[in-house]
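Undergrad: kindly generate the corresponding structure for this input.
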Amino acid sequence: MFDRKNAFFGLHFDLHPEKEDHALGADVTSEAVAGLLRRIRPDFVHYDCKGHPGYAGYDTSVGTPSPGIVKDSLAVWREETRKLGIGLGVHYSGVVDHLAVRSRPDWAAVDRFGQPDAEATSLFGSYADELLILQLVEIADRYDVDSVWLDGECWGAKLDYSSAALAAWKAETGWEDAPTDREDDRWLRWKNFHRARFEAYLRRWTGALHAIRPRVQTASNWAFTTMCPVPVSADIDYLSGDFDPMLSADRARTEARFLTNVGKPWELQSWGFDNADGQEELLKTPSQLKQEAGVVLMHGGGYMLYYLPTRSGYIGAEIADVAAEVAAFCRERQSLCHRNVSVPQVALLHSAASQFDVSDRVYTWWDTPLIELEGALHALLESHYSVDVLTEYMLMERMEQFPLLVIPDSPVLEDAFRERVLQYVAGGGNLLLLGERCARLFEGELGVKLAGTPRQLRAQLVSADGKIGCPGNWQPVEPVDAEVLAMRYDGEGVQARSAYLDVRSEGVSKRHLKLRREGVAATLNRYGAGQIAAVYGPIASRYFHSHHPFMRRFIADLAHRLFPKPAVTTNAPSCVDLALRKAADGALCVHLLNLANMPVTNRRAFPDIVPSVGPIRLSVALDLPPKSVVWEPEGSCPSHAWNDGELQVTLPSLDIHGVLVIR
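TA: Numbers count the residues shown, from 1 in each chain. A predicted model of the protein is given here:
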C-alpha cells in the first residue's frame, strides 16, 4: 500500500475535461510519462479524471465522459507509476459540478430567489450518493488509485434554499422560513447550519469510500484549513490546499503556519504558472517556485507542484526542466524539513468565531480576506519572530506553551475562549491586542475606560524610527491603571495636503496645537502574573496595506515589551522569514527563508533571481554548549561561539532557504 498521506513531493496535473475537447490523451504515451517520472522522481502524481465542468476524462459508466477522449490517460499513468513505485491519485471536482446541476436540477443548490446555482450541487441532495461516491469507487476499481484529491469542496459550497435544505432546517429548528441576510437574528445560525452540513457531507463520502475501498486515501481541498478552521471531523487522510497562483509565497506564509498545528499530515500546492494582464499560463521561474516551496518545507509540510498539460496531455520539456530543479531543491532539505515541529514562540490567533460571523459564505474567507490576520503576521515575521497561526480549538489546550499570544482585530470571541485567554494571562502569559474591536472585548482587563464609540480619524503614530499615518476607526480611551505606551496624533479638521502633522512635543505654535488632538494609541496593563497590551486602532490592517518599516517598528516594539527575549534573534533584513523548529530526529533547527523579490503584483510576477543576503548574525538561546552547528544543505560549519546560555552564529550568506542545525 502506498502511503500517500506521508508523501513529501508530488506532481499535480488537471485539465477539467469539457464537452468541447477533441484530443484528450492523444499525446499521453508510456515513453513520455516514464521519461518525466524518471527525471523528476516524485513520490506521487495526481492526474485529472473529472473537473469543475463535470465531464469525466475517462470512459465512465457512472457519469458522463467527455466526447473528446482519444486515449485512456489514467491507464497509462497508472502503469508507469506502478513500475516505478510512485503513487497515483486523481483530481476530482466534488461539490462544484456544472454538468450535474444542469442535467439534474434537483441536485443543484438554490439561491434565496429560488434560482438553481450554475455550479454548486446541494449538500442536502442525493448527488454524493448517486454520482460522486459511485464514480470514486469506479475509479478506484478500474485504475487501482492510491488516493483521491477532491477540489471544489468547502470553498464551492453555497447557502442553499432548496426544498431539501429548507426541510432539514425546519426539522432542526422548527422554523418554516430561513433568513436571507444578516439583518435577521438567525443569520449566523443559518450559516452554521450549512457549515455543519458540509462536514456531514464530507463524512458521508469519505466514510463510504473507505468502507468500500479502505486503502484509498482521501483529501478534500482546503478542508480544515484557514478556510474551514474547525477540528477535523471527517475520515480524511491528509490535508491539502493550492494557494494563490500569484501571491503564492505570501499566502503560503499563513497557511503553512496554520496547517502545521492541525495534527494531520498536510501539504500545500504551488501553481507552476500564473497569468498577467492579457497573458495566460506563463510558467513560473525556478527561483520563484523554490521560494514557494521553502515556505512549506520549513514548516514540515509536503509540497505539490501543479501544471497544465496541453489538452492532448503533452507536457513540454520546459515544464520538466523547472520541475526537476525544484524537486532537487526539495529533496536536499527533506530529512530536516519533512514533519518537523514548532518550538512555540508567538501564537497568532486566526479566529474562527470572527470569520464565521463576518463571512457570508459556507467555508471560505474569499469574501472577507484575512487582512488583519496577515497584516499582524507579516509585521511579526518581518521583525523576525517565529510565529504559529492557530485557531481557538488549537489554543484551548496549548496556550501556555507560547510566551506571547497576539490577537489581530477580531470582532467576535466566544465567552469560553475569552475566559481561557484571561486564565493564560493571569498565569503569566502575555497578550497583544492589535485593533479596537478586539480591544473592546477586554475592556475590563485593560486598565482603561472606553470613552464613547470608535471614531474615523486620520491618525498618525510615532515609532522609534519615525512617524506614520494610520487612518481608520480609533477607540478613544482614558487610562485608569494602564501605562500609556504610545499616543496618536489626529488630523481631524486638517486639509488633506496638510495631513503630514507636526508631532513635536515642544516648540509648536498654539495655533498648530488647535489643529492637533492627541489620544492614547496603545497601553499596557498588568493582569495577574501576566500583561495585556492593546492598540486601539487599525494597526494590523494598515500594515497589511503598506508594509511601512516605521509601522513595523511600532508593532515590533510592542511585541518586544511583552516578549523581550525570544529564543532566536537576528540582524537579517526584513525580507528574511525565520522559523524555529525541531527536526524529526530532535535536532534544533533555525530555518531562514529569503523572500526578496517575492511577487506581490501581476506586473512583476515572475522574478528570475532571488538576490542573496548576508552576512547574517543569529543569537540562539541554548542552555548547554552545542555538540555541532551545521549550515544545511551546504553542510558547512559557520563561525560560532557559545557563552553563558547564548549561541552566536555568523552566516556568510543566504540564497533562498537554509537551515541552521544545532545538536
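Undergrad: next one: the helix or strand hosting R331 to chain centre, how far?
TA: Per DSSP states H and E, R331 falls inside helix 317-337. Centroid separation for helix 317-337 versus its chain: 22 Å, with C-alpha atoms, centre = their mean, to the nearest Å.
Undergrad: got the buried residues for it?
TA: 319-320, 322-323, 326-327, 329-330, 333-334, 336-337 (16 or more other C-beta atoms under 10 Å). Every C-beta, even on glycine, is put in place using the N, C-alpha and C of the backbone.
Undergrad: likewise stretch 227-234?
TA: Applying a neighbour-count criterion of 16+ other C-beta under 10 Å, the buried positions in stretch 227-234 are 227-230, 234.
Undergrad: stretch 369-378 too?
TA: Neighbour-count burial for stretch 369-378 flags 370-378 (criterion: 16+ other C-beta under 10 Å).
Undergrad: so of those residues, which ones are in strands?
TA: Members of these lying in strands (criterion: DSSP state E): none.
Undergrad: related to what we said a few turns ago, which one of the buried residues of helix 317-337 is nearest to S639?
TA: For the buried residues of helix 317-337, the closest approach to S639 (C-beta to C-beta) belongs to L336, at 20.8 Å.
Undergrad: which ones are touching that closest one?
TA: Going by C-beta atoms under 8 Å, 6 or more residues apart in numbering, L336 touches 583, 587, 589, 632, 659, 661.
Undergrad: most neighbours among those residues, which one?
TA: Top of the contacts of L336 by neighbour number is V659, holding 24 neighbours under the definition other C-beta atoms under 10 Å.
Undergrad: three-state assignment of it?
TA: Of the three states, V659 takes strand under DSSP: H, G, I helix; E, B strand; the rest coil.
Undergrad: rewinding a little: widest-spaced pair of the buried residues of helix 317-337?
TA: Every pair of the buried residues of helix 317-337 checked by C-beta to C-beta; the farthest is I319 and L336, at 27.6 Å.
Undergrad: just to revisit the earlier point, so which of the buried residues of stretch 369-378 would you say is closest to A579?
TA: Distance to A579 across these (C-beta to C-beta) is lowest for L377, with 12.3 Å.
Undergrad: ok, that closest one touching T254?
TA: Yes. Counting by C-beta atoms under 8 Å, T254 is a contact partner of L377 at 6.0 Å.
Undergrad: mutual contacts of the two, please.
TA: Both L377 and T254 are contacted by V389, under the criterion C-beta under 8 Å, 6+ apart.
Undergrad: so for the helix ranked longest in the chain, what gets flagged as buried?
TA: For the chain, the helix that runs over the most residues, judged by DSSP state H, is helix 187-212. Residues of helix 187-212 classed as buried: 187, 190-191, 193-195, 197-199, 201-202, 204-206, 208-210 (neighbour count, 16+ other C-beta under 10 Å).
Undergrad: on that earlier part again, same question for the helix holding R331, mean pLDDT?
TA: The average pLDDT within helix 317-337 is 98.
Undergrad: just checking, next helix/strand downstream of that helix?
TA: Under the assignment DSSP H and E, the closest C-terminal helix or strand after helix 317-337 is strand 341-342.
Undergrad: contact partners of that next one?
TA: Applying C-beta under 8 Å, 6+ apart, the set of residues contacting strand 341-342 from outside is 260-261, 299-300, 386, 388, 579-582.
Undergrad: let's see that with 10 Å instead.
TA: Contacts of strand 341-342 from elsewhere in the structure, counted by C-beta atoms under 10 Å, 6 or more residues apart in numbering, are 257, 260-261, 299-300, 386-388, 390, 401-402, 579-584, 586.
Undergrad: just the ones in strands from those residues, please.
TA: Using DSSP E, the members of those that fall within strands are 387-388, 390, 579-582.
Undergrad: buried ones among the residues you listed?
TA: Buried by 16+ other C-beta under 10 Å: 387-388, 390, 579-581, out of the ones in strands among the contacts of strand 341-342.
Undergrad: mind telling me what element the spatially most central residue of the chain is part of?
TA: In the chain, the centroid-proximal residue (C-alpha atoms, centre = their mean) is E255; its distance is 2.0 Å. Taking DSSP H and E as the definition, E255 sits inside helix 248-259.
Undergrad: by mean pLDDT, point me to the weakest helix or strand of this protein.
TA: Counting by mean pLDDT, DSSP states H and E, the chain has its least confident helix or strand at helix 510-515, which shows a mean of 40.
Undergrad: following it, which helix or strand comes up?
TA: strand 517-527.
Undergrad: what residues sit buried inside that following strand?
TA: Residues of strand 517-527 classed as buried by neighbour count (16+ other C-beta under 10 Å): 519-525, 527.
Undergrad: distance to E478 and pLDDT added to the residues you listed, as TSV?
TA: Formatted as TSV, those follow (distance: C-beta to C-beta, whole Å; pLDDT from 0 to 100):
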residue	distance to E478	pLDDT
G519	10	95
V520	8	97
A521	13	97
A522	14	98
T523	10	98
L524	15	98
N525	13	98
Y527	18	98
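Undergrad: which one of those sits closest to N6?
TA: Using C-beta to C-beta, Y527 comes nearest to N6 of those, at 42.7 Å.
Undergrad: list the contacts for the residue lying closest to G302 once chain neighbours are set aside?
TA: Closest residue to G302 apart from its sequence neighbours, by C-beta to C-beta, 6 or more residues apart in numbering: E267 at 3.5 Å. By C-beta under 10 Å, 6+ apart, the contact list for E267 reads 4-10, 44, 149, 219, 238-242, 256, 259, 296, 301-304.
Undergrad: and if we set it to 6 Å?
TA: E267 makes contact with 240, 301-302, 304, according to C-beta atoms under 6 Å, 6 or more residues apart in numbering.
Undergrad: neighbours of A529, how many?
TA: Counted with other C-beta under 10 Å, the neighbours of A529 add up to 10.
Undergrad: how near is A486 to Q460?
TA: Distance of A486 to Q460, computed by C-beta to C-beta, to the nearest Å: 11 Å.
Undergrad: residues in contact with the host helix or strand of Y92?
TA: When elements are assigned from DSSP H and E, Y92 belongs to strand 87-93. Contact partners of strand 87-93, identified using C-beta under 6 Å, 6+ apart, comprise 2, 4, 14, 44-46, 48-52, 77-78, 81, 139, 145-152.
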